[in-house]
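Q: Everything below, folded, please.
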Amino acid sequence: MVENLVCGLCGKVEESSCHLFSVYEFTWRVWCLCFEWLGVSFVIHKDPLVNFQQFKLCLASDVVNDVWGAIWVGVVSGIWRHRNSVTFDKGVVDALEIFALVHVNVRSWIFAKSCCNSFTYPNWVLNPVDSTLCRKLVYAVCDVFINHRGIDTKRNIAGLLYNSLTRMEVRSFLDSMNMKPGDRLFDHIDRAILGSKVGVAVFSPRYCESYFCLHELALFMESKKRVIPIFYDVKPSELVVKDNGTCPAKELQRFSLALEEAKYTVGLTFDSLKGDWSEILRDASDAVIMNLLEVEEERKTMKRKL
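A: The predicted structure is shown next:
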């Protein structure tokens with residue numbers, strides 16, 4: 001049994017969790033770099049557990065505190081790996097190296113756990129606690145978001161697809177089913193889209209007349225999510241964003257780019273007068289399941305690479 005193990009970093013005193021992760025001057029330097037990056041002042045408690053508990057922000061949202069918690073874990077795991085490198089591989093004590101790895105590793109962990117593909121590394125490094133970034137770190141709240149024009153499709157294909165997926169125990173979002181009076185429209189819908197894994201865009205004759213439909217589609221494309229188009233009683237060539245004088249030019253361009261991307265994505269077509277309803281629901285459900293499985297496999301592959 002080994003007793004009084006000397007610290008692998010300083011080589012002078014007995015190694016303990018308090019010394020290694022809090023008290024040692026090298027460790028203190030790593031924490032100071034981290035706090036400077038976050039733009040906060042902090043008292044480092046010698047007990048790592050208390051330090052972790054203090055690292056939570058009492059007035060912050062759960063998502064923000066998840067980010068802070070991940071940063072804490074990144075620092076502690078970085079110190080431990082560095083300690084092993086110095087002890088067993090003759091590595092050099094370097095606080096800046098640990099700090100740089102915290103940037104990379106924590107962002108990778110959050111990226112893998114969240115559902116956002118537009119969480120850029122430069123934005124993360126420049127401002128890790130920016131509220132707009134934290135709003136992007138939304139963990140999965142549903143598997144599928146059904147984007148549709150209610151007046152055209154709510155009582156037919158969109159509603160039927162929602163019921164079909166629900167019976168298959170696929171968590172689906174349809175505004176009329178998942179929202180209640182008092183919910184803030186943009187906040188609720190944006191959160192659901194960013195928190196979904198796959199989108200289904202049901203294009204219909206009056207789809208492009210709806211600002212909300214186009215906004216949802218643009219958000220899907222901007223967040224690099226998979227979208228399954230269903231062209232319901234409309235041809236792709238008939239879908240055009242029109243300027244009615246009420247929408248800013250920047251938004252029109254945003255909507256047009258998203259629509260063009262969707263039109264050139266392999267999807268399903270359906271004629272409500274001639275088509276087989278059971279067939280379109282089966283094909284749409286199968287496409288959703290297939291894409292969900294592929295997204296999950298991509299997520300597992302990414303985690304294995306971390």
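Q: Run a quick neighbour tally on F26.
A: 18 (other Cβ atoms under 10 Å). (Glycine included, C-beta is placed from N, CA and C.)
Q: in which helix or strand would I find it?
A: helix 25-38 (DSSP states H and E).
Q: For the protein, just list every one of the strands.
A: Applying DSSP state E to the chain gives strands spanning 144-148, 172-173, 198-203, 226-232, 268-270.
Q: For S164, find the nearest of those strands.
A: Of all the strands of the chain, strand 172-173 sits nearest to S164, with 9.0 Å by Cβ to Cβ.
Q: got the contact list for the closest one?
A: Counting contacts by Cβ atoms under 8 Å, 6 or more residues apart in numbering, the residues outside strand 172-173 that touch it are 141-146, 161-162, 165-166, 192, 196.
Q: Restricted to helices, list those.
A: Within the contacts of strand 172-173, residues falling in helices by DSSP state H are 161-162, 165-166, 192.
Q: Which strands or helices does the helix holding F26 pack on?
A: In terms of contact count using 3 or more Cβ pairs under 8 Å, 6 or more residues apart in numbering; DSSP states H and E, helix 25-38 is assigned the packing partners helix 62-89, helix 95-113.
Q: quick one: buried residues of the longest one?
A: It refers to helix 62-89. Neighbour-count burial for helix 62-89, with 16 or more other Cβ atoms under 10 Å as criterion, is recorded at 63-68, 70-79, 82-83, 85-87.
Q: what's the closest non-adjacent residue to D143?
A: Residue nearest to D143 in three dimensions, not counting chain neighbours: R171, with 4.5 Å by Cβ to Cβ, 6 or more residues apart in numbering.
Q: what about the one you found, neighbour count?
A: Under the neighbour criterion other Cβ under 10 Å, R171 is assigned a count of 14.
Q: Distance of it relative to I280?
A: Here R171 is placed at a distance of 21 Å from I280 (Cβ to Cβ, to the nearest Å).
Q: any idea of the pLDDT on D94?
A: At D94 the predicted local confidence, pLDDT, stands at 83.
Q: P248 too?
A: Each residue has a pLDDT score; the one for P248 is 89.
Q: now swap in the one 5 residues further on and tell me
A: pLDDT, Q253: 94.
Q: Tell me how many other residues surround it.
A: Burial of Q253, expressed as a neighbour count using other Cβ under 10 Å, amounts to 12.
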